[in-house]
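Trainee: return a 3D structure for these sequence lines:
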Amino acid sequence: MADAVAAPGSGGIFITFGQQAGLRVVARAIHTERPPHALLLTGPAGVGKTTLALDLAAGLLCLAEDPAARPCRACAACHKVAADNHADLHLLAPEGAGEQIRIGQVLQLAADLSLTAMEGRFRVAVITAAHRLNPDAQNALLKTLEEPGPRTCLVLCADDAASLLPTVLSRSGRLRLAPVPTSALAQRLIDEGLSQPALARAIALASGGRPGLARRLARDPEAVLARGRITRTLLDLLPADRRSRLGAAADLMTDAAALDAAIRGEVAPTAKRLQPVERRRAVLLIIEIWRDLGRDLAVAVAGDGRGVRDLEHLDELIGVAARVDRRALHRFLDRLDRLGVAIDGYASPELTLDVLLSTWPHLRAGSRSAA
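Mentor: Now for the predicted structure:
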């Protein structure tokens, strides 16, 4: 397994890249055979939450005699985990047009976890996109969190914990995964043979330091271009009037839908035929890119050009920084986060995008800086 590495202080083979603190926590849980009954992993999409959860599952179910050598990646249990067909590993993901995790799925999971392990020492459940648990499903999950079965480990992977109920949060250990440094991720793409050196940094930068997203982008260079077009459009709208901003919504949606399809390995949908779920995903992707751009702009406004991640637009960001109101920008970034959660709660994607385009800070009067 070319991209597998040993965790710090461990003889086990782990797939997660760039999350040393998280790997230490997981390795310790495996070696002591005392994992938390519930663990919440948070961090941006593609940063490695599900990968780390499956590393933990592989280690807990591994058949190697020495706990320090788990996961060995060679035994039957490790192969089954890799193939998603281990009887004691339960994966839960959003379903249906609304991409929700519903109460029926949670009740079935609770029933499965109440049984004794069939093949291994533990039963492990991994809930991907746990932020998509609807309120009824979260309430149904509480009993399992409060009274887990013996030798049971439940891992929730959420892009944002804001949509989870306080009762769920209070019953779970929490571990946040941060983006990987761009230089390290670029080198990783080169080492894995996924990118040439000339493109690796651009891909790592476009991914925002998220290994999972970087690998998907590396397999489709057009996706990198689409992401760049969205960033370019948002930058160009800083000095634009409201009419021009709202007029850009359709092109932003089209590029974001094409990018989302490329990331998913699907055919890009026709702009006029976007389904509700495609429109929602497109706007969430725009918000994600906007958040990265807004963060870089905030760093430039604070006067620390060295902290800007997007080196391609570094000079332009520094050039406009003096004409951006810092408080207005911070209010906008807070709004980005709130409206992203609102879209998950069935807010209109189109209306949300219009609101964000209207409130994206305008450049204050002054001489135009050369980009």
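
Trainee: could I get the buried residue list for the longest helix along the chain?
Mentor: Counting residues, the longest helix found in the chain (DSSP state H) is helix 276-301. By neighbour count on 16 or more other Cβ atoms under 10 Å, the buried set for helix 276-301 is 278-301. Any C-beta I mention is one placed from the backbone N, CA and C, and that applies to glycine too.

Trainee: can you check stretch 208-221 too?
Mentor: So, applying 16+ other Cβ under 10 Å, buried residues of stretch 208-221: 208, 209, 210, 211, 212, 213, 214, 215, 216, 217, 218, 220.

Trainee: report how many residues lie close to residue 154.
Mentor: As a burial measure, residue 154 scores 29 neighbours (other Cβ atoms under 10 Å).

Trainee: secondary structure element for the residue minimising distance to the centre of the chain, which one?
Mentor: Nearest to the geometric centre of the chain sits residue 45, at 0.7 Å (Cα atoms, centre = their mean). Under DSSP states H and E, no helix or strand contains residue 45.

Trainee: look up how far residue 93 lies from it.
Mentor: The gap separating residue 45 from residue 93 is 13 Å, by Cβ to Cβ, to the nearest Å.

Trainee: all helices of the stretch 151-300 of the chain, in order?
Mentor: Applying DSSP state H, counting those that start in this stretch to the stretch 151-300 of the chain gives helices spanning 166-170, 182-191, 197-206, 211-218, 221-236, 242-247, 249-264, 276-301.

Trainee: then the stretch 1-150 of the chain?
Mentor: 20-32, 49-61, 76-82, 103-113, 135-146.

Trainee: alpha carbons of the third one, as PDB, please.
Mentor: The C-alpha trace of helix 76-82 is given here as PDB (Å, rounded to 0.1, in the frame of the first residue of the first chain):
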ATOM      1  CA  ALA A  76      -8.000 -10.900   6.700                       C
ATOM      2  CA  ALA A  77      -9.700  -8.300   9.000                       C
ATOM      3  CA  CYS A  78      -7.600  -5.500   7.600                       C
ATOM      4  CA  HIS A  79      -8.400  -6.600   4.000                       C
ATOM      5  CA  LYS A  80     -12.100  -6.700   4.900                       C
ATOM      6  CA  VAL A  81     -12.000  -3.200   6.400                       C
ATOM      7  CA  ALA A  82     -10.300  -1.900   3.200                       C
END
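
Trainee: and it, how far out from the chain's middle?
Mentor: 25 Å (Cα atoms, centre = their mean, to the nearest Å).

Trainee: ok, residues contacting that helix?
Mentor: 54, 57-58, 61-63, 71-73, 86-87, 89, 119-120 (Cβ atoms under 8 Å, 6 or more residues apart in numbering).

Trainee: please repeat the previous calculation with a cut-off of 10 Å.
Mentor: Here helix 76-82 makes contact (Cβ atoms under 10 Å, 6 or more residues apart in numbering) with 1, 12-13, 15, 54-55, 57-64, 70-73, 75, 85-89, 119-121, 124.

Trainee: give the buried residues for it.
Mentor: Within helix 76-82, the residues that count as buried by 16+ other Cβ under 10 Å are 77, 78, 80, 81.

Trainee: try stretch 354-369
Mentor: 356, 357, 360, 361, 362.

Trainee: what residue ranges in the stretch 151-300 of the chain score low on pLDDT?
Mentor: Counting by pLDDT under 70, the stretch 151-300 of the chain shows low-confidence ranges at 265, 267-272.

Trainee: 90 - rerun?
Mentor: 151, 159-163, 182, 194-199, 201-210, 212-228, 254, 258-281, 288, 292 (pLDDT under 90).

Trainee: with pLDDT added, can I get the buried residues of helix 76-82 in JSON lines?
Mentor: Putting the buried residues of helix 76-82 into JSON lines (pLDDT from 0 to 100) gives the following:
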{"residue": "77", "pLDDT": "96"}
{"residue": "78", "pLDDT": "96"}
{"residue": "80", "pLDDT": "96"}
{"residue": "81", "pLDDT": "96"}
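
Trainee: nearest to residue 336 among the residues you listed?
Mentor: Distance to residue 336 across those (Cβ to Cβ) is lowest for residue 81, with 36.4 Å.

Trainee: quick check: closest non-adjacent residue to the closest one.
Mentor: residue 58 (4.5 Å; Cβ to Cβ, 6 or more residues apart in numbering).

Trainee: distance of the one you found from residue 115?
Mentor: Separation of residue 58 from residue 115 (Cβ to Cβ): 21 Å.

Trainee: bridging residues for residue 100?
Mentor: For residue 100, the beta-bridge partners under DSSP bridges are residue 95.

Trainee: burial count for it?
Mentor: 18.

Trainee: then residue 85?
Mentor: Count around residue 85 with other Cβ under 10 Å applied: 9.

Trainee: domains of this structure?
Mentor: Per the record, the chain has its domains at 5-176, 181-216, 220-359, by automatic domain parsing.

Trainee: what are the buried residues along the longest strand along the chain?
Mentor: The longest strand of the chain (DSSP state E) is strand 152-158. The neighbour-count check on strand 152-158 (16+ other Cβ under 10 Å) flags 152, 153, 154, 155, 156, 157, 158 as buried.

Trainee: the inter-axis angle of it versus helix 20-32?
Mentor: Here strand 152-158 runs at an angle of 170 degrees relative to helix 20-32 (axes from the mean of the first three to the mean of the last three Cα atoms, to 10 degrees).

Trainee: does residue 288 touch residue 234 like I think?
Mentor: No - if you go by Cβ atoms under 10 Å, residue 288 and residue 234 don't touch, sitting 11.8 Å apart.
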